[in-house]
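Trainee: Quick one, fold the following:
(chains A, B and C)
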Amino acid sequence: MSGKTVSLFIQCLVDTMFPETGEAMITVFDRLGIPYDYPMGQTCCGQPAFNSGYRRDAAAAAKHFIELFEEAEVIVCPSGSCVYMVRHHYPELFADDPSMHSRALAIGAKTFEFTQYLVDELGIIDVGAEFPGSVTYHDSCHLSRGLGIADQPRTLLKNVRGLELIEMKDSDTCCGFGGTFSVNYPEISIAMADEKIDNILDTKADAVTGCDISCLMNILGRISRRGEDVRVLHIAQILAGGIGNKGE
Amino acid sequence: MTSQYRVDAQKGIGSPRLQASLHSLQDRFGKGAMALWAGMEDKDMRKRVKKSRMKNFEHLDILLAELAQNVRARGGNVYFAKTAQDAIGYTLEVARKNGVKRVVKGKSMLSMEIAIDPALEDAGIEVVETDLGEYIIQLAGDKPSHIIAPCIHMNRRQIGELFAEKLGVDYTDDPPALTLAARKALREKLLSADMGLTGCNLACAETGHISLVSNEGNIRMATTMPQVHVALMGMERIVATLEEHRETVQLLTRAAALQKLSTYVSFLGGPSSANDPDGPKEFHLVIIDNGRSKILADPEFREVLACIRCGACLNICPVYGRIGGHAYNSPYCGPIGAVITPLLDGINKHADLCKGETLCGACKDICPVQIDLPRMLAALRHKLAYGSDRWNTRQHNPAEAYAFTLWRLLVTRSFLYRTFLKIGRFFQRPFVHKNKMIRKMAGIGSGWTDGRDLPPIAKRTFTELWSQKYNKDLAAQPAVTEEEI
Amino acid sequence: MDNQTAFLTTIRTALDEVPNAERSKKMFPQLFSSPDTTGILKKIRGRTVEEQTELVKILRKNGNSLNICTHIVESFKEAAAVVIELIRTKEPEFNYTKHVIMHDHPDIAALQLWNRFNREAVTLHTTFSRDPHIRDKTIASFIGITAPAIIVADSATLIQITEPGRPRSTSLLPSIHIAIIRRENLVADLAEAYALLREKSRLDSFVFISGPSKTADIEAHMVHGAHGPREVHLVVLSEPLSAQGFEKAPEEMGKHNDSNLMTTSS
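Mentor: Below you'll find the model as predicted:
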C-alpha cells in the first residue's frame, strides 16, 4: 500500500449518468483502506472536443483539469479513454507552451486508470469481491491499444469469488462509440455496436463488463433498445460486489 | 440531410453478401497479419523500415535524381509530372507517337487517382484491365471496393452472369472455370496490345529499377509483350538501396496477403535490348506529384507518404468492415483512404472521411510501417474545426464550433456546469421512459436515440452524492433535500 | 530535363532546403550505403554438399505449400527423363500441337532433348538471340524450360535474370514452366539472394518467381493458373555437371561465366 491519497477523477459521464460506478469505486477503496478525495470543481477532461477537432476548446478544459488536479498525490479514473487523453493528448495540446507542456507531462505521470492503479501500482490482484455469475469482458480501444492495459482487468476479475470469466470473440474490436461519431454516423455506429452485442450474446454470459463507461453506455443503450437479456456493468461495480445498473 | 458517405455506408451495411465477404476477409487477413507481426523474429523490422522511409523523404530529390539517371543509362525515359494532367498528357503523347490502339493495364491505384483511363478512351484507345478483379470491375462498369481484392463485394453467381453476358461463355459459378475464362479472354488482349500501363510498387534508386508485385502474371505479361511500357509512379514509392528494398517488399507481401513473397516480383529498369525477342522497346517512367509535395511539406502529414499500399489497414478496420470500400468514394478506401483522399483532393470535400471513424487505433497496430493514421485523422478534424489556410480549408460546421464554444464555457466554470446539469435534469423528465431510459431526442440527439436508449442525467450526480453523502468534511454545508428538484 | 528541375525544386522547397541548389548524393554518403555482404557471400560459397542438400529439402517443403512440384534427380539423364515424361503426359492448353521452348543454357542443352522425340509430334525450340521468330514460337509453346541463376529455399523462389538467349517470356507464356536447377545455386533466404544480386555489376530486368500464377479475386477462393504458368516444376540436380561425363567445350563453359554466380575464381 503506497499510502497515497487518491484524487478521484470520476469522468463526466460517470458523474452525470452513472454515479453508481463512482460509488462502486469508493466501495472498493474503502474495503482496501485506500484514502481518497474528490476535487469538486472537476468537469470534463476535454476528450469530446479534442476528438472532434476543437483543440482550443479541449485545451481550455485541459488547463482547468491541470489546475484543479495538479496538487494531487495520485489521480485515478475509471475510464481508459480519459487517462489516454491526459497522458497522450495533453502534452500535444500544449506543444507550443513549454510551461503548460511540462505541467501536462507531470500530471500525466500520476494519472492512472482504475484497474491499472490497483494491479500495477498497488500490487493488488484480489479486492475481496464476490459476484455469482458469468461475465464477459470488452477491451476498450484506448485502454487496450492506447495504454496497453488488458491483463490487469482480467486478473482482477479472475480473483472475484464465484465469477466465471468468458472471453468473447473479437473482444478488442471497437464497439462503435467514438464520441461524436456515435451521433454523426449513427448507422455505422449501431452496426458496430450490433456486432459487439452479438459477440457478447454468443458467450451466453450473464453480464458484460469493461473499464470505460463510454463504451458501456453505447453497448447498454443498444442492448436496451434491442431488448436483450444481459447486464452491463462497469468493472468497478463487479469489484464492489455488483451494485446494479440502469435500465433493469 | 444525410451525406452521400452515410447513404453509401448504409448500403454497405445493408448488404448481407458484402458483410459476409468482409467478415471472412478480415477474419483471415486482418487477424493473420496481426499474428504475423506478433510472431516475427525480427521485432525491429517494421520500425526500421519506417525510419528508412522517413529518412528517404528527407532526401527525396536526391533519390529521384539517382533513379532517373540510372533508368536513363539503360535507355529508359523518365518524365516528372507535377499534376495528373501532366502525366496524362505525357502518356497520351507516347501513345500517339507509337500509334497505340490497345493498352493493357496492371492494377494501379495511381492510374485511377489521375483518371487516365477516360483520357485514353477519349483518344480512341482501348483500355483493358488485366488484373482479374479489376477486369471484372471493368466489365461490370463498377468501382473497386478494396485495394488488394477489388471485386470482393461481388459473388461468384454475379461474376458468372457477367461473364456469360460479356464474354459469351456458358454460365458457370465455379471460380476455377471463371478464372480460366478470364485467362483465355485476357491472353488474347495481352498478346496483341501495343502498350502496357502499370503502376509501381517500389522503385530502387541505387539500381534504377521499378518493382512490381503480383500473383497473376498479368503485370509480367503487360510489361513483356507490348512494345511500349509506361509505368506510373507516385513520387514517394521509392527506396534508396537494394537492402531497403528487400525489407520493404517483404513487409508489403506479408501485410497484403500473408505471403513471404508474392508469386512474382518483377524488376524493370529500361527497354529490352535490341537482341531481346520480348520486352518493351520503349520504357517510360512517369513520376507523379499530384499533391504529394504538399503533404511532404507538412510535418503533421508527411508520415502518410510512407504507405506502401498493402491494404492491411482495410483488413482490420471495423468501420471499413461494416461499410465496404464504395462508401469512401475514392480510389483509396479504408483508413489510408480516409487520410490520403482529403489531403490529395480536398479536406472539406471529404469531411466525412475525416470524421467518419472512431479512432480505435487498429489500423496503426497493423500497419507494416507503423503509420499513425489516427493521429492524422485527428489532425484533419482539427483543420475542419477551425479552418486552415495552409490546406485551403474553411470551418466545416460553424454550429458545431459554436456548440463547443458553449461547452468550453461550461467545463471551465464548474458552477455553470453544475447549474446546466440541473437544468438539463429538470427538462429531461418528460423524455424518460418507464424503463428509466430516454428513448427519443430531437436534433443531434436523434443520432443516438434512433437506435439506442440513453440513460438520463442521474437523480443525483456523483458530485452531488459526494457532497451530500460521502464527504464528511462538509458538515458545515447546509443539508440538501434528497427529493428531485 | 525542365520537368525534372521544376519537380525537384518543388521537393526541395517542401523540405525547407534551398530550392534551386541541386543536392548531390556525395553530400550524403550514408544515403546509399549498404551493409557489408562479405560474410554472407563467404557463407554461401563455403556451403558443404550436406548443407546444400538440406536446402534442397527446405526448398521442396516450401515449394509444396505453393503448389510447386519438385523433382530431385541424381543425373542429367534422370533430369531429362523427368522433362520428357512431362512433355509426353501434359496436354497443351491453347492449341493442339506440342511445342516446347527452352532457354539457351548449357544445363538445358545437356538434357539433349533434341533427339528424344523422334516418334512423336513434339517440336523443340531454343531461344537463340538471333532467331526472329522467338515470340511466335513462345506463344505456340505449352512448356517453357529455363535454368534460373539463383534459387531461394526459404520462399521457394526462382530468380530469372534476363540475358541474351534467355528472354522473359519463356517462363511466362507457356502453361507449364520447368526450371532446371543446380543444387549449388540454392541460397537459404532473400538476404543471401540479394547479396548475390548486388554483386552483379549490371542488372537489367529480372524477376522473382515463387510458384505458379494464382488469383483469389473471386470470393477470395484461390485458383492456380491466372495469366502466368499454371504449373511450375523444379528439376533439382544433385550432381555437379562435371560428374556427368558430358562433353563440354571449354569455351561454352566460359561463355556463360558471368551468369554462373557460383564461380569460385575472383
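Trainee: Please make it C-alpha for all contacts and neighbour counts, starting now.
Mentor: Fine.
Trainee: Can you report how many residues neighbour the residue of chain A found nearest chain C?
Mentor: Among the residues of chain A, A:Asp96 lies closest to chain C, at 20.5 Å counting by Cα to the nearest Cα. Here the neighbour count serves as a burial measure; for A:Asp96 (other Cα atoms under 10 Å in any protein chain shown) it reads 10.
Trainee: Pull up the gap between it and B:Leu384, please.
Mentor: Using Cα to Cα, to the nearest Å, A:Asp96 is found at 21 Å from B:Leu384.
Trainee: now do B:Ser52
Mentor: Between B:Ser52 and B:Leu384 the distance is 31 Å, computed by Cα to Cα.
Trainee: Give the residue from the two that has the larger number of neighbours.
Mentor: Legend: neighbour count by other Cα under 10 Å for B:Ser52 and B:Leu384, higher for B:Leu384 (26 against 19).
Trainee: Tell me who's in contact with that one.
Mentor: A:53, B:347-348, B:351, B:393-397 (Cα atoms under 8 Å, 6 or more residues apart in numbering or on different chains).
Trainee: How about the longest strand along chain A, which residues are buried there?
Mentor: Under DSSP state E, the strand in chain A containing the largest number of residues is strand A:130-137. Across strand A:130-137, burial judged by 16 or more other Cα atoms under 10 Å in any protein chain shown covers A:130-131, A:134-137.
Trainee: partners of that strand, with directions?
Mentor: Strands that pair with strand A:130-137, judged by DSSP bridges, come out as strand A:161-166 (parallel), strand A:207-210 (parallel).
Trainee: Out of the ones you listed, which is closest to B:Asp289?
Mentor: Put simply, out of the strands paired with strand A:130-137 the one that sits nearest B:Asp289 is strand A:207-210, at 46.3 Å, with distance taken as Cα to Cα.
Trainee: Burial check on B:Thr449, number of neighbours?
Mentor: The criterion is other Cα under 10 Å. On that basis, B:Thr449 has 20 neighbouring residues.
Trainee: How about the one residue sitting closest to the centre of chain A, nearest residue that isn't a chain neighbour?
Mentor: Among the residues of chain A, the one closest to the centroid is A:Ser79, at 2.0 Å (Cα atoms, centre = their mean). Excluding its sequence neighbours, the residue lying closest to A:Ser79 (Cα to Cα, 6 or more residues apart in numbering or on different chains) is A:Asp212, at 4.5 Å.
Trainee: That neighbour against A:His234, yeah?
Mentor: Yes - under the criterion of Cα atoms under 8 Å, A:Asp212 makes contact with A:His234 at 7.2 Å.
Trainee: sorry, back to before: can I get the contacts of B:Leu384 in JSON lines with pLDDT?
Mentor: Output for the contacts of B:Leu384, formatted as JSON lines (pLDDT from 0 to 100):
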{"residue": "A:Gly53", "pLDDT": "97"}
{"residue": "B:Ile347", "pLDDT": "98"}
{"residue": "B:Asn348", "pLDDT": "97"}
{"residue": "B:Ala351", "pLDDT": "97"}
{"residue": "B:Thr393", "pLDDT": "97"}
{"residue": "B:Arg394", "pLDDT": "97"}
{"residue": "B:Gln395", "pLDDT": "97"}
{"residue": "B:His396", "pLDDT": "96"}
{"residue": "B:Asn397", "pLDDT": "95"}
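Trainee: Now intersect those residues with the helices, please.
Mentor: B:Ala351 (DSSP state H).
Trainee: any idea which of the contacts of B:Leu384 is closest to A:Gln47?
Mentor: For the contacts of B:Leu384, the closest approach to A:Gln47 (Cα to Cα) belongs to A:Gly53, at 9.8 Å.
Trainee: Enumerate every residue touching the closest one.
Mentor: Shown in contact with A:Gly53 (Cα under 8 Å, 6+ apart): B:378-385.
Trainee: swap in B:Lys31?
Mentor: B:Lys31 is in contact with B:Ile316, counting by Cα under 8 Å, 6+ apart.
Trainee: Wasn't it part of a helix?
Mentor: Yes - note on B:Lys31: a helix contains this position according to DSSP: H, G, I helix; E, B strand; the rest coil.
Trainee: A:Ile26 and chain B, how far apart?
Mentor: The span separating A:Ile26 from chain B equals 9 Å under the rule Cα to the nearest Cα, to the nearest Å.
Trainee: Would you mind measuring from the closest residue to B:Ala257 other than its chain neighbours to B:Asn329?
Mentor: Nearest in space to B:Ala257, with sequence neighbours left out and distances taken as Cα to Cα, 6+ apart, is B:Phe29 at 6.6 Å. According to Cα to Cα, B:Phe29 and B:Asn329 sit 23 Å apart.
Trainee: who's more crowded, these two?
Mentor: Of the pair B:Phe29 and B:Asn329, B:Phe29 is the one with more neighbours under other Cα under 10 Å, namely 22 against 17.
Trainee: The more buried one: what's it in contact with?
Mentor: B:Phe29 makes contact with B:256-258, B:312, B:315, according to Cα under 8 Å, 6+ apart.
Trainee: ok, now with 7 Å
Mentor: B:257-258, B:315 (Cα atoms under 7 Å, 6 or more residues apart in numbering or on different chains).
Trainee: Go through those residues and name the one nearest C:Gly46.
Mentor: B:Leu258 (32.7 Å).
Trainee: Tell me who's in contact with the nearest residue to that closest one once chain neighbours are set aside.
Mentor: Spatially, and ignoring its direct neighbours in sequence, B:Leu258 is nearest to B:Ala33 (6.3 Å; Cα to Cα, 6+ apart). With contacts taken as Cα under 7 Å, 6+ apart, B:Ala33 has the following neighbours: B:255, B:258, B:366.
Trainee: ok, 10 Å please
Mentor: Neighbouring residues of B:Ala33 by Cα atoms under 10 Å, 6 or more residues apart in numbering or on different chains: B:26, B:39, B:254-259, B:312-313, B:315-316, B:366-368.
Trainee: Show me just the buried residues among those residues.
Mentor: Neighbour-count burial (16+ other Cα under 10 Å) is assigned, among the contacts of B:Ala33, to B:26, B:254-258, B:312-313, B:315-316, B:366-368.
Trainee: got any ranges where chain A has weak pLDDT?
Mentor: Across chain A, the stretches falling below the confidence threshold (pLDDT under 70) are A:1-2, A:242-248.
Trainee: for chain C, that is, sorry about that
Mentor: The low-confidence ranges in chain C, as defined by pLDDT under 70, are C:1, C:239-266.
Trainee: for it, which helix is longest?
Mentor: Assignment by DSSP H; longest helix in chain C turns out to be helix C:49-64.
Trainee: Kindly format the C-alpha coordinates of it as PDB.
Mentor: In PDB, the C-alpha atoms belonging to helix C:49-64 read as follows (Å, rounded to 0.1, in the frame of the first residue of the first chain):
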ATOM      1  CA  VAL C  49      27.200 -30.700 -50.000                       C
ATOM      2  CA  GLU C  50      25.300 -31.700 -46.900                       C
ATOM      3  CA  GLU C  51      24.200 -28.100 -46.200                       C
ATOM      4  CA  GLN C  52      23.100 -27.700 -49.800                       C
ATOM      5  CA  THR C  53      21.200 -30.900 -49.700                       C
ATOM      6  CA  GLU C  54      19.500 -29.600 -46.600                       C
ATOM      7  CA  LEU C  55      18.500 -26.500 -48.600                       C
ATOM      8  CA  VAL C  56      17.000 -28.700 -51.300                       C
ATOM      9  CA  LYS C  57      14.800 -30.300 -48.600                       C
ATOM     10  CA  ILE C  58      13.700 -26.900 -47.400                       C
ATOM     11  CA  LEU C  59      13.000 -25.800 -51.000                       C
ATOM     12  CA  ARG C  60      10.900 -28.900 -51.600                       C
ATOM     13  CA  LYS C  61       8.900 -28.400 -48.400                       C
ATOM     14  CA  ASN C  62       8.200 -24.700 -49.000                       C
ATOM     15  CA  GLY C  63       7.600 -25.400 -52.700                       C
ATOM     16  CA  ASN C  64       4.900 -27.900 -51.800                       C
END
